[in-house]
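fold the following for me, if possible:
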Amino acid sequence: MNDCLFCRIVAGEIPATVVAETDTTLAFRDIDPKAPTHVLVIPKEHHRAVGDLDPVLAGQVLATAHQVAKSEGVDETGYRLVFNTGRDGGQTVFHVHCHVLGGRGLSWPPG
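Here you go, the predicted structure:
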């Protein structure tokens, strides 16, 4: 998808600070972090929303997110995984992505 920001990152057309990569997923630092650790994990294939993922690919995204939490050192202290889905859910890039947030106390409700 030529107009998808995240597809262009996967294609190498837009630079990103990559922190993890598998055959099916890519994890990179958010350019506007909301916590000391704020990494986005995406499937390399374009899928518009989390409900569009098959269970295997969803599991791969979650596994990569957990690996990021471990490599960032927040797996023991705690972290949050967030999928914003749809406009009312706060999704601004319509390529499914998981936010890995940590490195400080995270309040609830998230807002």
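
drop to CA atoms for contacts and neighbour counts, all remaining ones
Will do.

list the buried residues of the longest strand along the chain.
In the chain, assigned by DSSP state E, the strand with the most residues is strand 37-43. For strand 37-43, burial by neighbour count (16 or more other Cα atoms under 10 Å) applies to 37-43.

make CSV from these and add pLDDT and distance to Leu5 to it.
As requested, those are arranged in CSV below (pLDDT from 0 to 100; distance: Cα to Cα, whole Å):
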residue, pLDDT, distance to Leu5
Thr37, 98, 21
His38, 98, 18
Val39, 98, 16
Leu40, 98, 13
Val41, 98, 14
Ile42, 98, 12
Pro43, 98, 13
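
this protein: strands as residue ranges?
Secondary structure of the chain by DSSP E: the strands cover 18-21, 25-29, 37-43, 79-82, 98-102.

the inter-axis angle of the longest strand of the chain versus strand 98-102?
Following axes from the mean of the first three to the mean of the last three Cα atoms, to 10 degrees, one obtains 160 degrees for the angle between strand 37-43 and strand 98-102.

sorry, back to before: deepest-packed of the strands of the chain, please.
For the strands of the chain, ranked by mean neighbour count under the definition mean count of other Cα atoms under 10 Å, the leader is strand 37-43 at a mean of 26.

which residues pair with the closest residue to Phe83 other than its chain neighbours across the strands?
Setting aside the residues directly before and after it, Phe83 is nearest to Cys98 in space (Cα to Cα, 6 or more residues apart in numbering), at 4.9 Å. Bridge pairing for Cys98 (DSSP bridges) gives the partners Val41.

could I have stretch 75-82 exported to CSV, CA atoms only?
Output for stretch 75-82, consisting of C-alpha atoms alone and laid out as CSV, is shown next (Å, rounded to 0.1, in the frame of the first residue of the first chain):
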residue,chain,number,x,y,z
ASP,A,75,9.2,-7.0,31.4
GLU,A,76,9.9,-7.3,35.2
THR,A,77,8.6,-3.9,36.3
GLY,A,78,5.6,-3.8,34.0
TYR,A,79,4.4,-2.6,30.7
ARG,A,80,1.2,-2.0,28.7
LEU,A,81,0.2,-3.3,25.3
VAL,A,82,-2.3,-1.1,23.4
